[in-house]
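A.B. asks: Generate coordinates for the sequence data below:
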Amino acid sequence: MRGTTAPSSSAEDTAPPRRLVDRVRTVVVTVAGAIGLACLLGWVAIALTGLSFVVVTTGSMAPTIPAGGLAITHDVPATELHEGDVVTVPRPGSALPVTHRIVAVEPVPGETGARSLTLRGDDNASDDRDPYVVREAGLVLAHAPTLGSVLVALTSPVARGIAVAAVGALVAWAFWPDRRQEEDT
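C.D. replies: Here you go, the predicted model:
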C-alpha cells in the first residue's frame, strides 16, 4: 500500500514574506556592488593595457570627435604612426595635449625613432603651425561623443563628495539592523 506524504513544512514556508523594503535594499546593494565591481575591473584593465582617456575640449576634430568627446588612446612608438592616424601628442608650452589627425610623417635627421608629425584638426582649414617632434604618441583607438563631458562632471569635487556620501549611506543601509529580527529575539 502506497502512502502519500504530506508536504513538509520548513522555516521558509512559515516565515512571513519579505517586506518590500528588504527586497529594494537587496536590489540596490546588488546593483551598486555590480557597478563598483565593473569600475574596479575597468580600472585594472586600463592599468594593465596602458590605455588612457583624453577629453577633447575644443571642436577642432569635429565632427569625428566633437568638443566634449572622449578619446581612448594607447601609446605607440612614433615609427608605427601613419598619415590618417588620429593621435594625442604634447603641445609645446602647454599642459594640455593636442589631438589631431596626422597629415604627414617625416623622419628626424640624427634621431632614430623620432618622427616629425604635421597635424591638422578635421574641422580646421590648415595644418597646425608647427610640426610635433615625438618618439611616441597616443594613438586614438576609439572615441565617443559627450562621454568626455560626463567624465569631467563625474570627477568634479562636488560629484566625488556626493558619491562618497551615497556610498556611505548605502553601506549604512545595507548593514542597518532589521527590526523584524530584533523583535523575534
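
A.B. asks: and Val87, what element?
C.D. replies: strand 86-89 (DSSP states H and E).

A.B. asks: Quick check: what element follows that strand along the chain?
C.D. replies: Taking DSSP H and E, what comes next after strand 86-89 is strand 98-107.

A.B. asks: That following strand pairs with which strands?
C.D. replies: strand 86-89 (antiparallel), strand 115-120 (antiparallel) (DSSP bridges).

A.B. asks: Quick check: which of those strands has the most neighbours on average?
C.D. replies: strand 86-89 (a mean of 22; mean count of other C-beta atoms under 10 Å). Backbone N, C-alpha and C define where each C-beta goes, glycine included.

A.B. asks: So which residues make contact with it?
C.D. replies: 52, 54, 61, 64-65, 71, 73, 81, 97-102, 117, 119, 132, 134, 137-140, 143 (C-beta atoms under 8 Å, 6 or more residues apart in numbering).

A.B. asks: What subset of the residues you listed is buried?
C.D. replies: 54, 61, 64-65, 71, 73, 81, 97-102, 117, 119, 132, 134, 137-140, 143 (16 or more other C-beta atoms under 10 Å).

A.B. asks: before we move on, the earlier item: would you list the strands paired with strand 98-107 in CSV and tack on mean pLDDT and distance to Gly148?
C.D. replies: Shown next, in CSV, are the strands paired with strand 98-107 (pLDDT from 0 to 100; distance: least, C-beta to C-beta, whole Å):
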stretch, mean pLDDT, distance to Gly148
strand 86-89, 98, 12
strand 115-120, 98, 19
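
A.B. asks: For this structure, give me the ranges with low pLDDT.
C.D. replies: For the chain, the stretches with pLDDT under 70 are 1-18, 178-185.
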